[in-house]
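# Kindly return the folded structure for what I paste below:
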Amino acid sequence: MRIRKIAVALMLMGVAPVAFGIVSTATILKRLVVIIDKLEEAGQQVLFAQIDNITKGNKDTQTYTLQQGASYKIIVIGDQDRVDDIDLQVLDENNNVVGKDDDSSNVAVVDVSPIRSASFKFQVWAASMNANDAFYSIVISRNDGSGDSKKGGKNSATELDREVE
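Down below sits the predicted model:
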């Protein structure tokens, strides 16, 4: 387990952007590794994980193809130092909202079970932040049902937010 965490950390450090070269990605990276660990313990197969930059007042959009018949969990985690509230909206190929988390926590979670295989958009924005830019991470996982749901099956944003602090 420890080797996997180190490998994920090294991989992400190599692709993580640096916002104007002054803010460390270490905090968001640690939070990301905790979320990945919890998802895998709960039987989720992590398919995609990324650290990105978000600016105040703007939405960042990621696109990912989800397959029909599978169940997915999309989690967005805000940078603890600069983001107080991060939100997530998932749209299908016709721009219909299929899931949204806009509560006041620093973790947003949306579950999606596509009725057809398609490209989905994941829109992320900081509803509250105390800087002009910040880091966030996004994780897309598929429920493979092979884990211990009692051990690591945190489903709500509030539960996950407590886990990563």
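# what about Ala42, how many residues close to it?
22 (other Cβ atoms under 10 Å). All C-beta spots, glycine's among them, are computed from the backbone N, C-alpha and C.
# Can you tell me how far it is from Asp144?
Counting by Cβ to Cβ, to the nearest Å, the separation of Ala42 from Asp144 is 10 Å.
# and what of Leu32?
20 Å.
# which of these two has more neighbours?
Between Leu32 and Asp144, counted using other Cβ under 10 Å, the more crowded position is Leu32 (26 against 13).
# secondary structure element for the closest residue to that one other than its chain neighbours?
Distances taken as Cβ to Cβ, 6 or more residues apart in numbering place Ser137 nearest to Leu32, at 4.3 Å, with adjacent residues excluded. Assigned by DSSP states H and E, Ser137 belongs to strand 133-143.
# on contacts alone, who are the packing partners of that strand?
Secondary-structure packing of strand 133-143 (3 or more Cβ pairs under 8 Å, 6 or more residues apart in numbering; DSSP states H and E): helix 26-41, strand 44-55, strand 60-66, strand 72-78, strand 83-91, strand 118-129.
# Who does that strand pair with, and is each partner parallel or antiparallel?
Applying DSSP bridges to the sheet, strand 133-143 is found paired with strand 44-55 (antiparallel), strand 72-78 (antiparallel).
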